[in-house]
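In: show me the folded form of this:
(one chain, ligands or ions: 1)
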Amino acid sequence: QGQKSSKPKDDGITDDHVLMTAAETFGAGVETTSTTLLWILAYLLHHPEVQERVQKELDEHVGSERTVTISDRGQLPYLNSVINEGMRIRPVSPVLIPHTAMTNSSIGGHIVSKGTRVLVNMWSIHHDPDHWDTPDLFKPERFLDQHGQQVTPSSFLPFGAGPRVCVGKSLAILEVFLFLSSLLQRMSFRVPNGAPLPNLQGRLGVVLQPLGIRMDTSAKKVVHEVREVHVVMQHGHRI
Ligand code: HEM
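Out: The predicted structure is shown next:
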């Protein structure tokens, strides 16, 4: 901080660089990952049959005696497809970080001169009917081939692409996988009696967030007692 921080050390890196890099990592890494999870849970409340199929896959390949690990990912194609479909249908960054053309270039026949500010519309890429069948429907199986193996269409770009692709991509994929699989291994989620299904329209702030989710969770494997947890999520705040 202060005067000392702006003085470069031998390698040219100042304390400000270190501070801002740490702050950016948290800023870009926390809200994105947690909101992605919220969207997936919102869609699972709308599609209990999808939740059951994920739990069946987890039961078959992991069971309930041990925790899910990263090495289980390859055995859980349907779960991975649910994550992908959640990120496709509700990308937390529907418009990517602004970029600037470094050279004179063109996109789809349109001239883009050096210095032009370019905004990539990820929402439209993820909802383009030329690339996605019924793009407004939540269909995890679109990420599976006829043998149940995972496929990744080229127009699926939740982390952007190219030199400025999300630097946290690999970490984020593992985080969402571990959180979602661990939750669904132990718990089921449903809308509380009489409560409405979550609104799927969302609100665009720093990221695209669900408007509010009311859900009940219950232990999936009931051994001695049913422990119910009532969770209300409003505008990203968990109560
Ligand atoms: C599901 C979670 C996440 C999603 C959907 C996501 C998505 C994105 C997107 C779309 C971009 C912009 C790419 C572009 O403009 O071309 C981006 C950039 C970035 N992300 Fe993520 N991100 C996630 C998690 C994370 C995590 C966990 C971290 C760090 C630990 C992180 C750090 C960053 C940084 C630093 C940038 C700027 C990269 C640059 O401009 O070179 N993100 N992310």
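
In: residue nearest the centroid of the chain?
Out: Centrality entry for the chain: nearest residue to the mean C-alpha point is Thr36, 3.2 Å, by CA atoms, centre = their mean.

In: need the per-residue pLDDT for that residue.
Out: pLDDT for Thr36: 97.

In: buried set for the top helix by length along the chain?
Out: The longest helix of the chain (DSSP state H) is helix 15-46. Under the neighbour-count criterion of 16 or more other CB atoms under 10 Å, helix 15-46 has 28-29, 31-45 buried. Bear in mind the C-beta positions are built from the backbone N, C-alpha and C, glycine included.

In: go on, stretch 201-210?
Out: Here stretch 201-210 shows 202, 207-210 as buried, counting by 16+ other CB under 10 Å.

In: what does it contact?
Out: Contacts with stretch 201-210, where a contact means CB atoms under 8 Å, 6 or more residues apart in numbering, come from 31-32, 35, 38-39, 42, 90-94, 198-200, 211, 233, 235-236.

In: if we can go back for a sec, what about the ligand: which of the buried residues of helix 15-46 touch it?
Out: 28-29, 32-33, 36 (CB under 6 Å from any ligand atom).

In: how close does the closest residue to the ligand within the chain sit to Val151?
Out: Closest contact between the chain and the ligand, by CB to the nearest ligand atom, is at Gly168 (2.1 Å). If you measure Gly168 against Val151 using CB to CB, to the nearest Å, the figure is 24 Å.

In: now do Asp130
Out: For Asp130, the distance to Val151 - CB to CB - is 17 Å.

In: quick one: low-confidence ranges for the chain?
Out: Applying pLDDT under 70 to the chain flags the ranges 1-9, 221-239.

In: quick one, strands of it?
Out: Under the criterion DSSP state E, the chain contains strands at 99-100, 105-107, 110-112, 117-118, 187-190, 203-204, 208-209, 212-219, 228-234, 237-238.

In: I'd say Arg190 and Leu44 touch.
Out: No - the pair Arg190 / Leu44 is not scored as a contact, 9.2 Å apart, by CB atoms under 8 Å.

In: got the residues of this protein near the ligand?
Out: 24-25, 28-29, 32-33, 36, 92-93, 96-97, 158-160, 164-168, 171-172, 176.

In: about what we covered before: now the buried residues of stretch 201-210 as JSON lines including distance to Gln75?
Out: Formatted as JSON lines, those follow (distance: CB to CB, whole Å):
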{"residue": "Gly202", "distance to Gln75": "32"}
{"residue": "Val207", "distance to Gln75": "30"}
{"residue": "Leu208", "distance to Gln75": "31"}
{"residue": "Gln209", "distance to Gln75": "32"}
{"residue": "Pro210", "distance to Gln75": "29"}
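
In: what is the nearest of those residues to Asp145?
Out: In terms of CB to CB, no member of the buried residues of stretch 201-210 lies closer to Asp145 than Leu208, at 29.0 Å.

In: who does that closest one bridge with?
Out: Note on Leu208: beta-bridge partners Leu204, judged by DSSP bridges.

In: one more: Asp216?
Out: Here Asp216, judged by DSSP bridges, has bridge partners Arg190, His230.

In: hmm, it is touching Leu45, no?
Out: No - using CB under 8 Å, Asp216 is not in contact with Leu45; the gap is 9.7 Å.

In: what is in contact with the two at once?
Out: 189-191.

In: separate out the buried members of those residues.
Out: 189, 191.
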